[in-house]
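J.: output the structure for:
(one chain, ligands or ions: 2)
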Amino acid sequence: MADTVVSGKELEAFVRQTVQKTMITDMHTHLYAPEFGSLLLWGIDELLTYHYLVAETLRWTEVDSPYEQFWSLSKSQQAEYIWRKLFLEHSPLSEAASGVLQVLHTMGLDVGSRDLNEYRKQWASRTPQQQIDAVFQLAGIRDVVMTNDPFDPNERELWLDGRGKEDPRFHAALRVDPLLNNWDTAVPELHRMGYQVEAAWTDQTIKETQRFLRDWVQRMDALYMAVSMPGDFRYPIEDHRARMIDEVMIPACQELGIPFALMIGVRRQVNPELRLAGDMSMLSDVSSVEALCRKYPQQKFLVTMLARENQHELAVLARKFRNLMVFGCWWFLNIGSIVKEMTAFRVELLGTSMIPQHSDARILEQLIYKWGHSREIIASVLTEKYSRLQRVGWTASREEIKRDVEDLLGNNFWRFVGKTIPGN
Ligand code: FIX
Ligand code: ZN
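T.: Ligands and ions are numbered 1, 2, ... in the order given. Got it, this is the predicted structure:
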């Protein structure tokens with residue numbers, strides 16, 4: 001074949017280059033299109049006050065110093081405090097801390113200066129729109145999926161005012177955790193939004209909650225419906241969650257023809273003093289996902305789990321159910337050593353029929369380091385796998401390698417949601 005890569009060195013270089021330059025669809029982030037104004041977080045102070053870094057910083061405070069001392073600081077003071085604790089008084093070796101430096105470096109700033117005010121100046125003259133363009137270009141991002149929550153009053157207002165997304169690089173995903181996890185608080189909220197639901201499980205409640213989902217999927221043009229759940233989620237079982245899934249959510253997803261995304265294994269607020277940083281990971285039950293996939297063979301499920309211990313079993317389950325797409329190395333798993341391990345065994349078990357990563361970025365510039373690191377790891381896992389093929393005489397063509405990488409970094413997602421790739 002004319003376009004094959006022959007030597008081992010050439011193969012490595014070509015795989016690396018292909019993974020580096022393939023444009024990404026990031027299928028789960030907490031970023032917002034520029035039309036959402038202040039909901040889109042960006043800039044050095046936001047990067048430094050990321051909740052991952054808040055958790056790491058507060059470890060360096062004394063047990064008798066009130067958490068409130070930190071929270072009472074302004075955003076810029078918090079950023080300065082975190083900079084001092086995690087970057088100056090200790091070395092920034094963690095994934096999240098070194099990620100900030102990776103961002104500065106990729107943006108062409110002088111990491112060696114260690115001058116926070118100098119970095120701030122670099123951001124001061126930029127508009128969000130300019131920064132989105134610059135970051136998407138530096139990180140090689142084609143488009144991202146947001147997390148859109150109608151239970152958040154700030155976000156809801158924007159959608160209801162008709163000021164939803166316009167920038168075609170941002171897609172919506174409808175996020176509805178309270179329906180499953182906080183039904184008591186969801187009921188009055190749904191009422192305020194005009195849906196006649198009751199705490200009791202009645203036919204009207206079922207119909208009205210379905211109407212709510214239908215309205216919001218259509219208003220947002222959501223690519224999928226999503227929830228996160230604790231590890232003690234069990235299915236099937238006689239409880240509120242199972243009823244909501246069986247009688248409301250699955251019928252709504254089926255009617256609208258969208259996948260249902262389950263992010264399982266988060267124990268919220270184990271330390272409420274840490275606020276957004278106070279959530280913990282928790283072992284989950286893979287057989288509950290198995291039961292869902294078996295019961296609804298035509299419903300597609302996008303699934304990620306937070307405990308490392310669940311990952312192998314979940315990947316094996318994806319071999320059994322074509323309606324299951326495993327995705328990403330979520331949150332505490334998005335660290336070099338674990339991304340490497342998970343990417344390797346997912347490829348070994350599933351070939352390229354999975355979505356190896358999402359960024360979960362909350363701050364725009366995080367796309368640079370989160371994807372930068374993941375691309376490196378994906379490239380090295382793929383190089384090793386193609387090399388094995390090459391050793392027995394199977395030489396992948398450049399086109400084939402390009403196809404595989406495009407599948408992993410975007411096309412698998414678009415195929416699974418049943419939409420064509422924007423711009424194609
Ligand atoms: O529930 C989620 O989507 C989580 O990813 C986040 O809410 C979490 O706080 C996070 O940012 C993890 O990366
Ligand atoms: Zn998330």
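
J.: how about the residues of the stretch 1-150 of the chain near ligand 1?
T.: For the stretch 1-150 of the chain, the contact set with ligand 1 under Cβ under 6 Å from any ligand atom comprises 30, 147. Every residue, glycine included, has its C-beta placed from N, CA and C.

J.: which residues in the stretch 1-150 of the chain form strands?
T.: Secondary structure of the stretch 1-150 of the chain (DSSP state E, counting those that start in this stretch): strands at 24-26, 141-145.

J.: reformat these as a markdown table; add mean neighbour count.
T.: Formatted as a markdown table, the strands of the stretch 1-150 of the chain follow (neighbours: other Cβ atoms under 10 Å):
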| stretch | mean neighbour count |
| --- | --- |
| strand 24-26 | 25 |
| strand 141-145 | 22 |
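
J.: and the closest residue to ligand 1 within the stretch 151-300 of the chain, what does it touch?
T.: For the stretch 151-300 of the chain, the residue closest to ligand 1 is Ser228, as judged by Cβ to the nearest ligand atom, at 4.0 Å. Ser228 sits next to 177, 181, 263-264, 266 when contact means Cβ atoms under 8 Å, 6 or more residues apart in numbering.

J.: quick one on the thing from earlier: got TSV for the strands of the stretch 1-150 of the chain, with distance to Lys419 and mean pLDDT too?
T.: As requested, the strands of the stretch 1-150 of the chain are exported to TSV (distance: least, Cβ to Cβ, whole Å; pLDDT from 0 to 100):
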stretch	distance to Lys419	mean pLDDT
strand 24-26	10	98
strand 141-145	11	98
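
J.: next SSE after the longest helix belonging to the chain?
T.: Ranked by residue count and defined by DSSP state H, the top helix of the chain is helix 366-391. Per DSSP states H and E, the first helix or strand lying C-terminal to helix 366-391 is helix 398-406.

J.: how far off strand 141-145 does the longest helix of the chain point, in degrees?
T.: If you take axes from the mean of the first three to the mean of the last three Cα atoms, to 10 degrees, helix 366-391 sits at 110 degrees to strand 141-145.

J.: which helices and strands does helix 366-391 pack with?
T.: helix 8-21, strand 24-26, helix 95-106, helix 128-139, strand 141-145, helix 336-350, helix 398-406 (3 or more Cβ pairs under 8 Å, 6 or more residues apart in numbering; DSSP states H and E).

J.: what's the most buried one of these?
T.: strand 24-26 (a mean of 25; mean count of other Cβ atoms under 10 Å).

J.: mind giving me the packing neighbours of that one?
T.: Other helices and strands packing on strand 24-26, by 3+ Cβ pairs under 8 Å, 6+ apart, are strand 141-145, helix 366-391.

J.: the same query, at a cut-off of 6 Å, please.
T.: strand 141-145 (3 or more Cβ pairs under 6 Å, 6 or more residues apart in numbering; DSSP states H and E).

J.: how about the helix or strand just after the strand it packs on and ligand 1, any contact?
T.: Following strand 141-145 in sequence order, the next helix or strand is helix 153-160 (DSSP H and E). No - judged by Cβ under 6 Å from any ligand atom, helix 153-160 makes no contact with ligand 1; its nearest approach is 13.9 Å.

J.: quick one: distance of helix 153-160 to the chain centre.
T.: Helix 153-160 sits 21 Å away from the centroid of its parent chain (Cα atoms, centre = their mean, to the nearest Å).

J.: which outside residues touch that helix?
T.: Residues from elsewhere that reach helix 153-160 (Cβ atoms under 6 Å, 6 or more residues apart in numbering): 36, 149-150, 219.

J.: quick check: next helix or strand after that helix?
T.: Helices and strands here follow DSSP H and E; after helix 153-160, the next one along the chain is strand 170-171.

J.: give me the number of residues near Asp215?
T.: By other Cβ atoms under 10 Å, 14 other residues sit near Asp215.

J.: ok, now which ones touch it?
T.: With contacts taken as Cβ under 6 Å, 6+ apart, Asp215 has no neighbouring residues.
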